[in-house]
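Chemist: I would like the atomic coordinates for the input below:
(one chain, ligands or ions: 1)
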Amino acid sequence: MRAKQKILIIDDEAGFRGAIRRYLEKDYSVEEAETGAQGLEKAVATEPDLVLLDIGLPDESGLDLLERLKGLRPSPTVVMVTAYEQVRDVVEAMRKGAFDYLVKPVDLEEFELTVRHALENASLRNEVDRLRKEVERLQGVNRLVGSHPAFLEAQRLAVKSAQSADAGVLLQGESGVGKELFARLIHSSSPRSGYPFVALNCAVFSPDIIESELFGYERGAFTGARAEGKQGLLEAADGGTLFLDEVIDLPAEVQAKLLRVLEEQEYYSLGSTKKKEVDIRVVSACNRDLWEACESGEFRKDLFFRLATIRIFLPPLRERREDIIPLARFFLEQLNDKYMKRFRDISPDAQKLLRTYSWPGNVRELRNAMERVVLMEDEELVLQRHLHFLLRGQADLPGDGPELPFFSELPEEGLSLEEAERMLIQKAYEKCGRNKAKTARYLRIPRHVLVYRMKKYGLEG
Ligand SMILES: Nc1ncnc2c1ncn2[C@@H]1O[C@H](COP(=O)(O)OP(=O)(O)OP(=O)(O)O)[C@@H](O)[C@H]1O
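Modeler: Sure thing, here's the model as predicted:
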């Protein structure tokens, strides 16, 4: 966002070049060339957004050079400059792809307007080029699979919200529905795509760490700090998108500090008195209703309004069952390549099971299930029996199901580690009287790790 747009002036009149350069230099990065050959060389080397091109150059016609400039990839927007209005040349230049023309001596107001329009055109064309590339990329590895109307509506909103560089987007949906994938889609379709996408999961770190991760710190800011200091994620994301996953877990002090950053676009890193500027868009995600958390006083309303200018709800997989088989086939194809297997399809019985299972872990669980099958089996068709581990997991949840499988004989056909972990946490939580601190001690893990995992597995207490 911050990088200045680049303008190249190709004109043999040194006085004109100098005057224009002085005028443009404060807002743009300006290069000059006095011949056609030099101009082409600089255009290739610097990839300018806009070229101001004199029609009458000493070594070649500006019209010929225009054609060559339009053949470059990426090609600049070109505004022709003529010494006097030669209608024939101007018409020819426009036909060859010039965006506009200016007549010397240039009227400053008109000049400014023309340059501004031309640069807007340049960013638009860059954007279209980039979006085209992005679509190609998304159709590859990160393709979003799904055609349920609610899912399509979520995609439509995501692409629309990407058009703005600053609007806060809040993605709501259960764990594993694809919130991070959507956040990446928004970033890569937005004007910030050339800048970093930086993610922070607010549920996995303690409050102190979240603060120092976000804001960074100066050398010796606190005991235990790294001697050389640390760059914060705000700085790392500058110009781009900061993705705050599980934003509901952002500690109260950090909520207040983040609000100030978003309002003032500046902050201090820990232990520093030097203001830093920052220009980011925040996309956040949450698997609970963040507004409810505001109403109960857990989350600041003023920050909510900043973060949730646009709210997108991602439906759980069980509410868009027609997407299950296309997703399963999509993963099968990816995983065939990964494990060099040759699964062609999914049997009707197996499809029925996939369609009726409740998928508490959503798309992530479906992907894991397909990965397990592809890894463990060596057939061409996914069969129902390959998926029996799903049924076992479901029967064991919640409450007093059969004993945990790993306390007795391990089953021959393997087991889902995620399911086992979920059962174990559920049982421990019940045993400890549904007290999270006690459960965390019992399982010998930090409380925030327990809270994160419980959320991940949909085990809200
Ligand atoms: N529509 C989709 N098409 C293809 N892959 C998807 C889709 N939705 C999710 N996935 C895949 O499912 C997995 C989980 O998605 P993701 O991590 O984005 O979920 P999440 O909602 O952010 O989860 P959490 O809340 O646990 O962080 C990823 O591997 C992602 O690529």
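Chemist: for the residue in the stretch 1-150 of the chain positioned nearest to the ligand, give me its contacts.
Modeler: In the stretch 1-150 of the chain, the residue that lies nearest the ligand is residue 145 (3.8 Å; C-beta to the nearest ligand atom). Where you see a C-beta, it was placed from the backbone N, CA and C, and this is true even at glycine. Listed by C-beta atoms under 8 Å, 6 or more residues apart in numbering, the contact set of residue 145 reads 323, 326, 327, 330.
Chemist: compute the distance between it and residue 437, please.
Modeler: Between residue 145 and residue 437 the computed distance is 40 Å (C-beta to C-beta, to the nearest Å).
Chemist: now do residue 260
Modeler: Taking C-beta to C-beta, one finds residue 260 at 31 Å from residue 437.
Chemist: which one of the two is surrounded by more residues?
Modeler: Ranked by neighbour count (other C-beta atoms under 10 Å), residue 260 and residue 437 place residue 260 first, with 13 against 10.
Chemist: quick check: that one is in a helix.
Modeler: Yes: according to DSSP: H, G, I helix; E, B strand; the rest coil, residue 260 belongs to a helix.
Chemist: now it: how far from residue 386?
Modeler: For residue 260 relative to residue 386 (C-beta to C-beta), the value is 53 Å.
Chemist: what parts of this protein come near the ligand?
Modeler: Residues of the chain lying near the ligand by C-beta under 6 Å from any ligand atom: 144-146, 173, 175-181, 245, 285, 287, 327, 363-364, 367, 456.
Chemist: quick one, which of those are buried?
Modeler: 144, 146, 173, 175-181, 245, 285, 287, 327, 363-364, 367, 456 (16 or more other C-beta atoms under 10 Å).
Chemist: now, which of those residues lie within strands?
Modeler: Members of these lying in strands (criterion: DSSP state E): 245, 285.
Chemist: among the buried ones among the residues of the chain next to the ligand, which are in helices?
Modeler: Residues of those located in helices (DSSP state H): 179, 180, 181, 327, 363, 364, 367, 456.
Chemist: tell me the confidence at the third one?
Modeler: Looking at residue 181, its pLDDT reads 93.
Chemist: that one contacts residue 151, correct?
Modeler: No: the criterion here is C-beta atoms under 8 Å, and residue 181 misses it with residue 151 at 11.6 Å.
Chemist: do a quick rundown of the strands in the stretch 201-350 of the chain.
Modeler: Along the stretch 201-350 of the chain, counting by DSSP state E, counting those that start in this stretch, strands occupy 241-245, 266-268, 275-277, 281-286, 310-313, 345-346.
Chemist: looking at those, which is closest to residue 79?
Modeler: Among the strands of the stretch 201-350 of the chain, strand 281-286 comes nearest to residue 79, with 31.2 Å by C-beta to C-beta.
Chemist: need phi/psi at the residue nearest to residue 246 when sequence neighbours are not counted.
Modeler: Closest residue to residue 246 apart from its sequence neighbours, by C-beta to C-beta, 6 or more residues apart in numbering: residue 203 at 3.7 Å. Dihedral angles of residue 203 (phi, psi; degrees, to the nearest 10) stand at phi -90, psi -20.
Chemist: so residue 158 makes contact with residue 184?
Modeler: No: Residue 158 lies out of contact with residue 184 (C-beta under 8 Å); the separation is 10.0 Å.
Chemist: neighbour-wise, which of those two wins?
Modeler: Neighbour count, other C-beta under 10 Å: between residue 158 and residue 184, residue 158 has more, with 23 against 18.
Chemist: give me the element the more buried one is part of.
Modeler: Residue 158 is part of helix 149-162 when elements are defined by DSSP states H and E.
Chemist: report the distance from that helix to the chain centre.
Modeler: 14 Å (C-alpha atoms, centre = their mean, to the nearest Å).
Chemist: what packs against it?
Modeler: Contact analysis of helix 149-162 by 3 or more C-beta pairs under 8 Å, 6 or more residues apart in numbering; DSSP states H and E lists helix 179-188, strand 310-313 as its packing neighbours.
Chemist: right, so those: which one is the most enclosed?
Modeler: Of all the helices and strands packed on helix 149-162, helix 179-188 carries the top mean neighbour count, a mean of 22, counting by mean count of other C-beta atoms under 10 Å.
Chemist: by contact count, what packs against it?
Modeler: Helices and strands touching helix 179-188, by 3+ C-beta pairs under 8 Å, 6+ apart, are helix 108-139, helix 149-162, strand 169-172, strand 197-201, strand 241-245, strand 281-286.
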